[in-house]
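> the amino acid sequence is not available; the structure is as follows:
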C-alpha cells in the first residue's frame with residue numbers, strides 16, 4: 001500500500017445546544033482545483049485554521065489503474081468533484097482507493113455528509129454471478145493501523161453488497177468487527193482475524209446509478225447500549241430515506257471507557273481483485289464520485 005499525505009485544514013464553527021456542541025471540523029467542495037503530483041492530483045482543502053492531515057491509501061499499481069483526482073461533475077461540467085476509480089487486474093488481492101483522516105484528538109462522536117454518485121459502469125456488478133460483501137464505501141476505526149499490534153482494535157464498515165445470481169441489485173450493509181492478530185504475523189495487513197460482532201443489511205433500498213445522492217452519517221463510539229450508527233440517503237429530488245439507525249457496539253467490547261475514532265475513511269472504494277478483474281474483463285470501471293464533504297465533531 002502506498003501512502004500519500006496532503007494537508008487538511010479544519011474549520012471551527014461551534015453551534016451550541018442545550019446538550020451538545022456541534023463543531024464543523026472539515027469542509028471541501030473540491031472547487032479549489034488541483035496541483036500536479038507524480039502519484040496523484042493533490043487535492044486542495046478549503047479553510048485556513050488548525051491544519052491536520054488527510055491521506056490517500058492505494059493498492060499496488062499506478063494512476064492508470066487506480067486513482068483519486070478532481071474532475072468535472074459527470075452531470076455538470078461547471079462543478080468539480082472527487083473521482084475514485086479502480087480498473088486494475090492481477091496486481092494485489094486488495095484493491096483500494098481511500099481518503100482517510102487520522103490524528104484527530106478525542107473524536108468520539110461524528111456527523112458527516114457527503115454527496116455520492118455511483119458511475120453507470122457500477123451497474124454491471126449486478127451481472128457478477130456470485131454474492132459478495134467486499135465492496136467497502138466508508139469505514140471508522142477505534143485504533144489506527146499503526147497500532148494494530150495493540151488490543152481493542154475495532155471497526156465499523158459501510159458496504160455495498162449483492163446476493164447470488166445474475167441481474168441482482170446492490171444494497172447497503174453495515175457491520176462491526178473486532179480485530180485480533182496472530183503472534184506469527186502481527187503486522188499491518190497480515191495475520192488479521194476479523195470477528196463480526198453485529199451486521200445489518202437494508203433490503204428495501206436499492207443503490208441507484210448515474211444520479212447524485214447525499215449520504216448523512218452519525219456515529220458515536222460506545223458499547224452495545226450506547227454506541228450508535230445512523231445513515232440516511234437523500235436524492236436530489238429531496239426524498240430522504242433512513243437506511244440504518246442502529247444501537248450497537250461501535251468500539252471494542254473489551255474497553256470500559258468510551259473510545260475515540262482515531263482513523264476513519266469517509267470516502268472509500270475497497271474490494272477484492274476478483275471483483276476488479278470481473279469489471280476490467282468486461283471493460284468497466286469501479287468508479288464512484290464524491291462531492292461536498294462536511295464533517296462535524298460532537299461534544300456533550
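Cool, the structure landed. All values derive from a computational prediction rather than experimental measurement.
> quick check, pLDDT for the most centrally placed residue in the chain.
When C-alpha atoms, centre = their mean is applied to the chain, the residue found nearest the centroid is residue 138 (1.9 Å). Looking at residue 138, its pLDDT reads 98.
> show the contacting residues for it.
157-158, 215, 217, 264-268 (C-beta atoms under 8 Å, 6 or more residues apart in numbering). For every residue, glycine as well, the C-beta is placed using N, CA and C.
> tabulate those residues (CSV), appending distance to residue 298.
Output for these, formatted as CSV (distance: C-beta to C-beta, whole Å):
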residue, distance to residue 298
157, 21
158, 19
215, 17
217, 12
264, 14
265, 19
266, 15
267, 20
268, 22
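> would you turn these into a markdown table with secondary structure and neighbour count?
Putting the contacts of residue 138 into a markdown table (DSSP: H, G, I helix; E, B strand; the rest coil; neighbours: other C-beta atoms under 10 Å) gives the following:
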| residue | secondary structure | neighbour count |
| --- | --- | --- |
| 157 | strand | 23 |
| 158 | strand | 24 |
| 215 | strand | 22 |
| 217 | strand | 21 |
| 264 | strand | 25 |
| 265 | strand | 26 |
| 266 | strand | 25 |
| 267 | strand | 24 |
| 268 | strand | 23 |
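> save those residues as JSON lines, and put in pLDDT and distance to residue 164 too.
JSON lines is the format used below for the contacts of residue 138 (pLDDT from 0 to 100; distance: C-beta to C-beta, whole Å):
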{"residue": "157", "pLDDT": "98", "distance to residue 164": "21"}
{"residue": "158", "pLDDT": "98", "distance to residue 164": "21"}
{"residue": "215", "pLDDT": "98", "distance to residue 164": "27"}
{"residue": "217", "pLDDT": "98", "distance to residue 164": "29"}
{"residue": "264", "pLDDT": "91", "distance to residue 164": "31"}
{"residue": "265", "pLDDT": "93", "distance to residue 164": "28"}
{"residue": "266", "pLDDT": "94", "distance to residue 164": "30"}
{"residue": "267", "pLDDT": "95", "distance to residue 164": "28"}
{"residue": "268", "pLDDT": "96", "distance to residue 164": "24"}
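> got any ranges where the stretch 1-150 of the chain has weak pLDDT?
For the stretch 1-150 of the chain, the stretches flagged by pLDDT under 70 are 1-19, 32-54, 61, 89-91, 144-150.
> from residue 277, how far off is residue 64?
16 Å (C-beta to C-beta, to the nearest Å).
> between the two, who's got more neighbours?
residue 277 (15 against 8; other C-beta atoms under 10 Å).
> show me what the helix or strand where the more buried one lies is packed against.
Assigned by DSSP states H and E, residue 277 belongs to helix 273-281. Counting contacts by 3 or more C-beta pairs under 8 Å, 6 or more residues apart in numbering; DSSP states H and E, helix 273-281 is packed against strand 94-102, strand 286-299.
> between these, which gets nearest to residue 20?
Among those, the nearest to residue 20 by C-beta to C-beta is strand 286-299 (5.3 Å).
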